[in-house]
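Student: structure of the sequence below:
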Amino acid sequence: MTETVSRPALLSVAHAVPPHCMLQTDAEAAARGMFAHRYAAFERMAPVFTTAGIESRYTVKPLDWYLSDLDWPERNAAYLAGAQELFVDAATRALAAAGCSAADVDTIVTISSTGIATPSLEARAAGRMGFRADVERVPVFGLGCAGGVSGLALAGRLAAARPGSTVLLVAIEICTAAFRMDQLTAANMVATALFGDGAAACVVRTGESGLARIEGAGQHLWPDTLDIMGWTVDPTGLGVVFDRSIPPFAEQKVGPAVDGILARIGVDRAAVDRFACHPGGAKVITALETTLRLDQGTLDHEREVLRQYGNMSAPTVLFVLERLAKAGPSNSGLPQRTVLAALGPGFTCSCLSLARAA
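Tutor: The predicted model follows:
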């Protein structure tokens, strides 16, 4: 695909994490105290804390808070407070890296699926950020782990529709609001071992080269897969839906889906220099390397993000992208062509191709 100035450019990507760092060893000890005497399968599930590939995670509340008897209003209040702080932090960093101010932003895309905010998060943060009164707001709910890629694709389309406009994408998830003491299930054990909180933000605009240009994006939705990933909702809060078949499903299905998306947007699969994938878990990363025909160990940044931060859902793949962008000596180390990929509820694969100017 040839470069044109009409294509939207990614100007910056930045991340933010909340103040509390939870070591995986402490999480396992807490889980043992909460569940071992009540859940017969705990010892069978406990190795997930070791095999998840995680050493630490960041949370909006200290560990003891999650061990108390919480209801939905308390969990959502933690989501609202934590998400607003993360929005301001990530957005401020991304705008500074792009050489922009909040007053330059024409459109805000906010991605989040771990709480309910009406007014939405960007409206709640607008006064602190200094957004203009005429800024357009596009809050998006329900994309889950695919939200970072799908959100960046949406930001690119909005930027292309209004050349010269500045679009700010912010993906925020407070996954730890879904830690549940009352659910004695394998899915809840996995969530307790995987989830962390975090945010990432990107600035997108046409007419500039930036870190890379967005070449195109697409999704693949598999039929009859609603039970693979998602949330349940009850008076206590959100409950995670995880199907143990995700890694084998990814290994079998994702490669052909990605090839189909790339063909539709006119990107030669052989011309992809680096896949940047959402690290949903250690087994998922291994499955992705297999299905994408990569050597085992190729997705090194993904494993490092997972090790340091856990699975933060939507923003996690943007943490990977930021690491790639900083990998080179000029602080713009993206390969010539990078394809972002993430799996999310639906069950969906979302992809986006980034190309640096020749």
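Student: just give the nearest non-adjacent residue to residue 286, would you?
Tutor: Nearest in space to residue 286, with sequence neighbours left out and distances taken as C-beta to C-beta, 6 or more residues apart in numbering, is residue 296 at 6.8 Å. No exception for glycine: its C-beta is placed from N, CA and C like everyone else's.
Student: ok, now which ones touch that neighbour?
Tutor: 286, 289, 290 (C-beta atoms under 8 Å, 6 or more residues apart in numbering).
Student: relative to residue 89, how far out is it?
Tutor: 35 Å (C-beta to C-beta, to the nearest Å).
Student: now do residue 274
Tutor: Distance of residue 274 to residue 89, computed by C-beta to C-beta: 27 Å.
Student: just after the longest helix seen in the chain, pick out the following helix or strand.
Tutor: For the chain, the helix with the greatest residue count under DSSP state H is helix 72-98. Downstream of helix 72-98, the first helix or strand assigned by DSSP states H and E is strand 107-111.
Student: just checking, what packs against the helix or strand of the chain with the lowest mean pLDDT?
Tutor: Using mean pLDDT, DSSP states H and E, strand 237-242 stands out as the lowest-scoring helix or strand of the chain, at a mean of 83. Contacts defined by 3 or more C-beta pairs under 8 Å, 6 or more residues apart in numbering; DSSP states H and E place strand 237-242 against helix 72-98, helix 186-194, strand 229-234.
Student: residue 129 is nearest to which of these?
Tutor: In terms of C-beta to C-beta, the element of the helices and strands packed on strand 237-242 nearest to residue 129 is helix 72-98, at 6.2 Å.
Student: and the closest one, what other elements does it pack with?
Tutor: strand 8-16, helix 121-129, strand 166-174, strand 197-206, strand 237-242.
Student: which neighbouring elements make contact with the first one?
Tutor: In terms of contacts (3+ C-beta pairs under 8 Å, 6+ apart), strand 8-16 is packed against helix 72-98, helix 147-161, strand 197-206, strand 212-221, helix 316-325.
Student: any idea which of those is most buried?
Tutor: When the helices and strands packed on strand 8-16 are scored by mean count of other C-beta atoms under 10 Å, the highest mean neighbour count falls to strand 197-206 (a mean of 29).
Student: so what are the sheet partners of that one and their directions?
Tutor: Its sheet considered, strand 197-206 pairs with strand 8-16 (antiparallel), strand 166-174 (antiparallel) by DSSP bridges.
Student: quick one: the last one to helix 72-98, angle?
Tutor: For strand 166-174 against helix 72-98, the angle by axes from the mean of the first three to the mean of the last three C-alpha atoms, to 10 degrees is 140 degrees.
Student: next, the angle from strand 166-174 to helix 121-129.
Tutor: Using the same axes, to 10 degrees: strand 166-174 against helix 121-129 is 110 degrees.
Student: same question for the first one.
Tutor: In this structure, strand 8-16 runs at an angle of 80 degrees to helix 121-129, with the same axes, to 10 degrees as the basis.
Student: strand 8-16 - what's its average pLDDT?
Tutor: Per-region confidence: strand 8-16 scores 97 on mean pLDDT.
Student: just stretch 147-156 next, same as before
Tutor: pLDDT averaged over stretch 147-156 gives 97.
Student: for stretch 120-140, same thing?
Tutor: 97.
Student: got the buried residues for that stretch?
Tutor: By neighbour count with 16 or more other C-beta atoms under 10 Å, stretch 120-140 contains the buried residues 120-126, 129, 131, 135, 138-140.
Student: and if you look at stretch 258-278?
Tutor: Going by neighbour count (16+ other C-beta under 10 Å), the buried part of stretch 258-278 is 258, 259, 261, 262, 265, 267, 272, 274, 275, 276, 277, 278.
Student: between the helices and strands packed on strand 8-16, which one is closest to residue 356.
Tutor: Residue 356 lies closest, by C-beta to C-beta, to one member of the helices and strands packed on strand 8-16: strand 212-221, at 4.8 Å.
Student: can you list the weak-confidence ranges in this protein?
Tutor: 1-5, 244, 328-332, 357-358 (pLDDT under 70).
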